[in-house]
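Undergrad: Model the structure of this input:
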Amino acid sequence: MRTLILAWCIPAILSAQDALEIVKRAVAMDRKDVEIARNYTFLQREQDCNLDGSGKVKDKEVRTWDITMLEGSPYRRLVGRNDQPLPAKEKKQEEEKLQRSIEQRQKETPEQRQARMADWDRHRLKQREPVKELPEAFNFTLVGEEAINGGRAFVIDALPKPGYKPKTSATSFFPKVKARFWIDKQDYQWVKMEMVTLDTISFGGFLFRIAKGGRLVVEQTHVNNEVWLPLRASLQASARLALVKGIHKELDWTFSDYKKFQAESRIVSTEPVAK
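TA: Presented below is the predicted three-dimensional model:
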C-alpha cells in the first residue's frame, strides 16, 4: 500500500516542482525584457465599456494614444477617439501640449532630467513588482501544453499559497486570486495570463472594491525576435466605488505599431504649432 501511495504522489510532486522552476525562469526572463522594452514606442488603444446588470454594453468610449520617447522618458499623446482621428481643434491642442513638453524638457538642468528619468524607472519597476513575488505567493501545477500564438506553451495553474503574506501593496490581492499562465516553451516568456478573483478585493483602503468573479486576461507577443511586449489586456469586473456606487465594467487595451526608438521611432512632433 505504501508503495502505491508513493507511486501516486511522486508524479504530482515532480509536476509541482517542474511548474515552480518554469515560473522562476519566466520571472528571470521578464526582468531582462523590462530593460529592452524601454527602447520601444507604440500605439495604445483603450476601450472603456459600461455594462448593464446582464452584461450588455450600455455605452463605450475608445481612445488611442501614441506612446513615444521624449528626452529620455515616455510621452503619451492622444491621437484618436472612438477609432476616428481627432477633430482639428483637439488635434491642435494635443500638438500644442506636445510642443510645450518638448520645450520644458529641453530646458531642464542635468539634475532635473536625471530626476525625471529616475522617476520613470521607479514607476516601471514598481509595475513589475507582482511578477517577482509570484514564486512565493502561489502553488503551481503543470497541467499540460498548448499551441498558442504560433508556438508551444506550458500551461500552469496557480492557487494562493496558504499562509502567504504579501510583501507590498502591489501584491496585496494575491491571496484572493487564482491564475493560469501560458509560458513559451522556447523563450520561457509569458504568452498569456488569466486571473480570476476568488473574493472581494479592495484598493485605496475601501474606496474601490472589485467583486468576486472579476477576470483579467493579458497576452504578449514576440517583437523583432528580441523582446516580448504586451499585445492585449482585458478586465471584466463588477466594482463598487466609495462603497456606494456599483459599476459593471469591461476594459480592453490593445498595443500595436511597436518601433525601436533608436532606429525607427515615429517623429513625435508632426507639424509646426502656430505662435
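Undergrad: Can you show me the strands along the chain?
TA: Ranges of strands in the chain, per DSSP state E, are 40-51, 57-70, 73-81, 84-85, 138-148, 151-160, 177-184, 190-197, 201-203, 208-210, 215-223, 227-241, 245-260.
Undergrad: how about the ones you listed in JSON lines, adding mean neighbour count and mean pLDDT?
TA: C-betas here are computed from N, CA, C, even on glycine. Output for the strands of the chain, formatted as JSON lines (neighbours: other CB atoms under 10 Å; pLDDT from 0 to 100):
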{"stretch": "strand 40-51", "mean neighbour count": "17", "mean pLDDT": "93"}
{"stretch": "strand 57-70", "mean neighbour count": "15", "mean pLDDT": "92"}
{"stretch": "strand 73-81", "mean neighbour count": "16", "mean pLDDT": "94"}
{"stretch": "strand 84-85", "mean neighbour count": "10", "mean pLDDT": "95"}
{"stretch": "strand 138-148", "mean neighbour count": "15", "mean pLDDT": "96"}
{"stretch": "strand 151-160", "mean neighbour count": "18", "mean pLDDT": "96"}
{"stretch": "strand 177-184", "mean neighbour count": "20", "mean pLDDT": "97"}
{"stretch": "strand 190-197", "mean neighbour count": "20", "mean pLDDT": "96"}
{"stretch": "strand 201-203", "mean neighbour count": "16", "mean pLDDT": "78"}
{"stretch": "strand 208-210", "mean neighbour count": "18", "mean pLDDT": "76"}
{"stretch": "strand 215-223", "mean neighbour count": "18", "mean pLDDT": "94"}
{"stretch": "strand 227-241", "mean neighbour count": "18", "mean pLDDT": "87"}
{"stretch": "strand 245-260", "mean neighbour count": "15", "mean pLDDT": "88"}
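Undergrad: Relative to residue 107, tell me which of those strands wins on proximity.
TA: strand 57-70 (13.2 Å; CB to CB).
Undergrad: in its sheet, what does that closest one sit against?
TA: Sheet pairing of strand 57-70 (DSSP bridges) gives strand 40-51 (antiparallel), strand 73-81 (antiparallel).
Undergrad: can I get these in JSON lines with distance to residue 212?
TA: Formatted as JSON lines, the strands paired with strand 57-70 follow (distance: least, CB to CB, whole Å):
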{"stretch": "strand 40-51", "distance to residue 212": "17"}
{"stretch": "strand 73-81", "distance to residue 212": "33"}
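Undergrad: quick one: which of the strands of the chain is nearest residue 93?
TA: strand 73-81 (9.0 Å).
Undergrad: Can you tell me what sits against the closest one?
TA: Defining contact as CB atoms under 8 Å, 6 or more residues apart in numbering, one finds that strand 73-81 is touched by 43-45, 61-69, 85-86, 90, 94, 97-98, 101, 116-117, 119-120, 268.
Undergrad: Please repeat the previous calculation with a cut-off of 6 Å.
TA: 63, 64, 65, 66, 67, 68, 94, 98, 101, 116, 117, 120 (CB atoms under 6 Å, 6 or more residues apart in numbering).
Undergrad: How far does that strand sit from its chain's centre?
TA: Put simply, strand 73-81 sits 18 Å off its chain's centre (CA atoms, centre = their mean, to the nearest Å).
Undergrad: Ok, stretch 92-107 next?
TA: Offset of stretch 92-107 from its chain centre (CA atoms, centre = their mean): 28 Å.
Undergrad: Kindly export it (C-alpha atoms) in PDB.
TA: Coordinates of each C-alpha in stretch 92-107 appear next as PDB, following Å, rounded to 0.1, in the frame of the first residue of the first chain:
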ATOM      1  CA  LYS A  92      -4.100  71.200 -32.500                       C
ATOM      2  CA  GLN A  93      -4.400  71.200 -28.700                       C
ATOM      3  CA  GLU A  94      -2.500  68.000 -28.400                       C
ATOM      4  CA  GLU A  95       0.200  69.300 -30.700                       C
ATOM      5  CA  GLU A  96       0.500  72.400 -28.600                       C
ATOM      6  CA  LYS A  97       0.700  70.300 -25.400                       C
ATOM      7  CA  LEU A  98       3.500  68.200 -27.000                       C
ATOM      8  CA  GLN A  99       5.400  71.300 -28.100                       C
ATOM      9  CA  ARG A 100       5.200  72.700 -24.500                       C
ATOM     10  CA  SER A 101       6.500  69.400 -23.200                       C
ATOM     11  CA  ILE A 102       9.400  69.400 -25.700                       C
ATOM     12  CA  GLU A 103      10.400  72.900 -24.700                       C
ATOM     13  CA  GLN A 104      10.100  72.200 -21.000                       C
ATOM     14  CA  ARG A 105      12.200  69.000 -21.100                       C
ATOM     15  CA  GLN A 106      14.800  70.700 -23.300                       C
ATOM     16  CA  LYS A 107      15.200  73.400 -20.700                       C
END
